[in-house]
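1. structural data only, the sequence is not supplied:
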C-alpha cells in the first residue's frame, strides 16, 4: 500500500540546521526514553527550549527556587572558609543592577556575594562577573549589592556565590524566586539545590577570587546556604 497509504518509499529523517547550513525536511526522529518533556529543536535534536524573554520587572527576582515561599529553613553552621555556590540559569537576555540574598538569622555576620561564569565544557564555575563588598543587615531581610554599571546576561548558566565572614548559623529564609532550574528539568528538590546539600569551594573570607577554574568543587551535605539572586530596579 506504500508509506502512510501512498506509494513510494518512506521519506528520510529530517536533517537539522546549523548556524550556517539550512536543514532539510523529513520524518521527526524518535525521542529516546527519558526525553518525554523535551522539544524537537531546529538542529534536529530534542532538548530544552529557552523561553523568549526580556528584562524582568523590578518586583521580580531571578534565582533558584530552593527557598521560595518558605521561612526559616534551618541550616548547619556556614563556614567562613567556604565559598558556597548556587546555580542560576539565564534565559533570553536580561539586565540586572542588583545582586542579593536573604540574610536569615545571622545579622552580626558580614558576607560577600558574587556571580561567576560557567565553563560549559565541564560545568564548573570560572571567571568572576561581579563581586560585592562586605554586606551586613538585619535578621530575615534581603541584602543587596548595587551592580554599577548594570550587566546584561544572556542564555547561559551562572553560579551565585556567598561566603560568610565568620562561622555562623544562617537560615536560607524564603523570598519568592523563579524556579529557573525548571528549564533544566529540575525543581527545588533537585540534588544540586535541595535543603542540606550545597556545593562549595575552599576559600577563606576575603574579596571573591577572580576565577574558580582551579578550585576543587565539593559538596556539603549538612548545610542549606542562602541563595544568591539577581534583579533590576
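-> Perfect, I can see it now. Note that the coordinates shown come from a computational prediction; the quantities given were computed from them, not determined experimentally. Numbering: from 1, shown residues only.
2. going forward, measure contacts between C-alpha atoms and count neighbours the same way
-> Fine.
3. which strand or helix spans the spatially most central residue of the chain?
-> When CA atoms, centre = their mean is applied to the chain, the residue found nearest the centroid is residue 88 (1.5 Å). Here residue 88 sits within strand 82-102, counting by DSSP states H and E.
4. helices and strands around the helix or strand following that strand, which ones?
-> Next helix or strand after strand 82-102 toward the C-terminus (DSSP H and E): strand 111-119. Using 3 or more CA pairs under 8 Å, 6 or more residues apart in numbering; DSSP states H and E as the contact test, the elements touching strand 111-119 are strand 82-102, strand 124-131, strand 142-164.
5. out of these, which is the most enclosed?
-> strand 82-102 (a mean of 22; mean count of other CA atoms under 10 Å).
6. quick one: strands adjacent to that one?
-> Paired neighbours of strand 82-102 in the sheet (DSSP bridges): strand 142-164 (antiparallel), strand 198-202 (antiparallel), strand 229-231 (antiparallel).
7. got those as CSV, with distance to residue 23 columns?
-> Shown next, in CSV, are the strands paired with strand 82-102 (distance: least, CA to CA, whole Å):
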stretch, distance to residue 23
strand 142-164, 23
strand 198-202, 40
strand 229-231, 38
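8. could you export those as CSV, including mean pLDDT and distance to residue 115?
-> Listed next are the strands paired with strand 82-102 as CSV, based on pLDDT from 0 to 100; distance: least, CA to CA, whole Å:
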stretch, mean pLDDT, distance to residue 115
strand 142-164, 89, 5
strand 198-202, 87, 14
strand 229-231, 84, 9
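9. coming back round to it: any chance of the helices and strands packed on strand 111-119 in JSON lines, plus distance to residue 27?
-> Listed next are the helices and strands packed on strand 111-119 as JSON lines, based on distance: least, CA to CA, whole Å:
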{"stretch": "strand 82-102", "distance to residue 27": "29"}
{"stretch": "strand 124-131", "distance to residue 27": "37"}
{"stretch": "strand 142-164", "distance to residue 27": "29"}
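10. of those, which is nearest residue 20?
-> strand 142-164 (19.8 Å; CA to CA).
11. after the helix or strand of the chain with the lowest mean pLDDT comes which helix or strand?
-> Using mean pLDDT, DSSP states H and E, strand 46-47 stands out as the lowest-scoring helix or strand of the chain, at a mean of 71. Later in the chain than strand 46-47, the nearest helix or strand by DSSP H and E is strand 77-78.
12. with that, I have no additional questions.
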